[in-house]
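A.B. asks: no sequence on this one, just coordinates:
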């Protein structure tokens, strides 16, 4: 009898082990409280018993969707989603059901970049976020869902990330990206649909770190530094390809509405390659997702005095060239947009305390360009051309249907003029109807004009909607010369 009992216990233990091993498993972002993109073919994937049939039963329909699990235990499925709503249950089964609860259908955005995207509502140490405590206090919202991917760098592509979905509430919001939160809060409020935000960011990260090996092939200097599979990663957030492999790769294929991006500070001293590199990243991500030219909106880096982080005795490269490179990307890649932050920087700190402005300007781009909201201004005016009239330069702008404006009585302190000697001098600037007039007593025969073209210039030129003009230059002189200390 004792042997029979032991045999039954062993059989039960083996059966339990087989069932446990057969249990459907999915990446962590397919879980309770998640948001699936509305009105699309949603995709899910994971592992189960090899050869088994995996069934997905969404709570918004009586339909069930099936797929066959491969010999390697992997499965992938897509199924249509209706208009926004919820909460729903979604049951996934290979014979052993796994129920996902409190699932919403709405708008899903990936929020990526470096520290100014990563910076949480609670701020960094000694570095607060303006108005954060009040925003956190009033943040409870079951229609806004938050997911933060834990930092991870890898020399090989991984299949999952560490993180969990949470409804917006004070404790969750306090530790969530401030820029992403202010973006999502405005989108959810104005569209009145659930919004899911997935933050994939790491402070100090280089653009190169978020690219695949294949994308980096066009940039030999970066490609040469891709670490071997078994190599030690020299810089976990700057080494080429390691953040793509460790943080983004698991998300590829998840149905999304688009991406918001705040990065560039780590590339400030190599602006010459950034426009091509960033364009390659956007096109590369879109190719991997195989979802068409989804919206990709990004922040231009804010003014900051890079002398603070430059080694003593070294010359400082002008970060305006990086802002210029970022501005070029709008014209190089379709369905993109840049949020200009010339009025939202902090000369003494690379992490401006104003995170509401970048978040809400990214939201403006999405509301105007993706969601088609009429009657709003969402894009900053851009430099169009200059004309010399005697000793005065006349500057014209595009994307300025109501012309342009300054603050109160306007005389900009941010313009410079140069003559044939290519030496720039401070100039007086004033608005005349739709143009800006620029003049300097030291440049009687001007040939070039620049606006706010320094590291830490505070922009003072705006659209009538209050959106700042980016720093710009009329010349294309190859003089990216360091600034002397």
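C.D. replies: That came through, no problem. Everything numeric here is computed off the predicted structure, so don't read it as measured data.
A.B. asks: Just name the shakiest helix or strand of the protein by mean pLDDT.
C.D. replies: Least confident helix or strand, the chain: helix 2-22 with a mean of 40, by mean pLDDT, DSSP states H and E.
A.B. asks: Which SSE is immediately downstream of that one?
C.D. replies: Sequence-wise, the next helix or strand downstream of helix 2-22 (DSSP states H and E) is strand 35-37.
A.B. asks: Mind listing the strands that next one pairs with, and their directions?
C.D. replies: Paired neighbours of strand 35-37 in the sheet (DSSP bridges): strand 97-113 (parallel).
A.B. asks: Now do the strand it pairs with, average pLDDT.
C.D. replies: Here strand 97-113 scores 98 as its mean pLDDT.
A.B. asks: Show me what counts as buried in that strand.
C.D. replies: By neighbour count with 16 or more other Cβ atoms under 10 Å, strand 97-113 contains the buried residues 98, 100, 102-113. Heads up, the C-betas are built off the backbone N, CA and C, glycines and all.
A.B. asks: In TSV: the residues you listed, plus distance to residue 287.
C.D. replies: Below are the buried residues of strand 97-113 laid out as TSV (distance: Cβ to Cβ, whole Å):
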residue	distance to residue 287
98	31
100	29
102	33
103	28
104	28
105	26
106	25
107	22
108	19
109	19
110	15
111	20
112	16
113	20
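A.B. asks: Can you give me every residue that contacts residue 451?
C.D. replies: Contact analysis of residue 451 by Cβ atoms under 8 Å, 6 or more residues apart in numbering lists 383, 395, 412, 414, 415, 416, 429, 461, 469, 471, 472, 473.
A.B. asks: and it, what are its bridge partners?
C.D. replies: Note on residue 451: beta-bridge partners by DSSP bridges are residue 415, residue 472.
A.B. asks: Now do the helices in this structure.
C.D. replies: In the chain, the helices defined using DSSP state H lie at 2-22, 115-118, 132-137, 170-174, 178-191, 213-216, 220-223, 242-243, 274-289, 320-332, 356-365.
A.B. asks: What are the contacting residues of the fifth one?
C.D. replies: So the one you mean is helix 178-191. With Cβ under 8 Å, 6+ apart as the test, helix 178-191 has contacts from 106-107, 109, 111, 116-117, 119-121, 123, 129, 132, 135, 139, 141, 143-144, 146, 168, 173, 194-195, 197, 199, 260, 262, 299, 355-356, 358-360, 362-363, 366-367, 371, 373.
A.B. asks: Please spell out the PyMOL selection for the buried subset of these.
C.D. replies: To isolate the buried ones among these in PyMOL, judged by 16+ other Cβ under 10 Å, type:
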select buried, resi 106+107+109+111+116+117+119+120+121+123+129+132+135+139+141+143+144+146+168+173+194+195+197+199+260+262+299+355+356+358+359+360+362+363+366+367
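A.B. asks: which residues touch the residue nearest to residue 100 when sequence neighbours are not counted?
C.D. replies: For residue 100, ignoring the flanking residues on the chain, the nearest one in space by Cβ to Cβ, 6 or more residues apart in numbering is residue 90 at 4.5 Å. By Cβ under 8 Å, 6+ apart, the contact list for residue 90 reads 56, 57, 58, 59, 99, 100, 103.
A.B. asks: now residue 414
C.D. replies: Going by Cβ under 8 Å, 6+ apart, residue 414 touches 429, 451, 452, 457, 458, 459, 460, 461.
A.B. asks: same question, residue 174
C.D. replies: Applying Cβ under 8 Å, 6+ apart, one finds that residue 174 lies in contact with 120, 121, 122, 132, 136.
A.B. asks: let's see 6 Å
C.D. replies: By Cβ atoms under 6 Å, 6 or more residues apart in numbering, the contact set of residue 174 is 121, 122, 136.
A.B. asks: what sits against residue 235?
C.D. replies: If you count contacts by Cβ under 6 Å, 6+ apart, residue 235 has none.
A.B. asks: Model confidence at it, what's the number?
C.D. replies: Residue 235 is given a pLDDT of 96.
A.B. asks: ok, it to residue 271 distance?
C.D. replies: According to Cβ to Cβ, to the nearest Å, residue 235 stands 20 Å off from residue 271.
A.B. asks: Kindly report the same for residue 371.
C.D. replies: The spacing between residue 371 and residue 271, counted by Cβ to Cβ, is 32 Å.
A.B. asks: ranges for the strands of the stretch 251-400 of the chain?
C.D. replies: Per DSSP state E, counting those that start in this stretch, the stretch 251-400 of the chain carries strands over the ranges 258-262, 296-299, 336-339, 382-389, 392-398.
A.B. asks: Redo these as JSON lines? Include distance to residue 281 and mean pLDDT.
C.D. replies: Below are the strands of the stretch 251-400 of the chain laid out as JSON lines (distance: least, Cβ to Cβ, whole Å; pLDDT from 0 to 100):
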{"stretch": "strand 258-262", "distance to residue 281": "9", "mean pLDDT": "99"}
{"stretch": "strand 296-299", "distance to residue 281": "9", "mean pLDDT": "98"}
{"stretch": "strand 336-339", "distance to residue 281": "11", "mean pLDDT": "98"}
{"stretch": "strand 382-389", "distance to residue 281": "22", "mean pLDDT": "98"}
{"stretch": "strand 392-398", "distance to residue 281": "26", "mean pLDDT": "98"}
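A.B. asks: Tell me who's in contact with the residue lying closest to residue 188 once chain neighbours are set aside.
C.D. replies: If the residues on either side of it in the chain are set aside, residue 188 comes closest to residue 195, at 4.3 Å by Cβ to Cβ, 6+ apart. The neighbourhood of residue 195, defined by Cβ under 6 Å, 6+ apart, consists of 106, 107, 144, 184, 187, 188.
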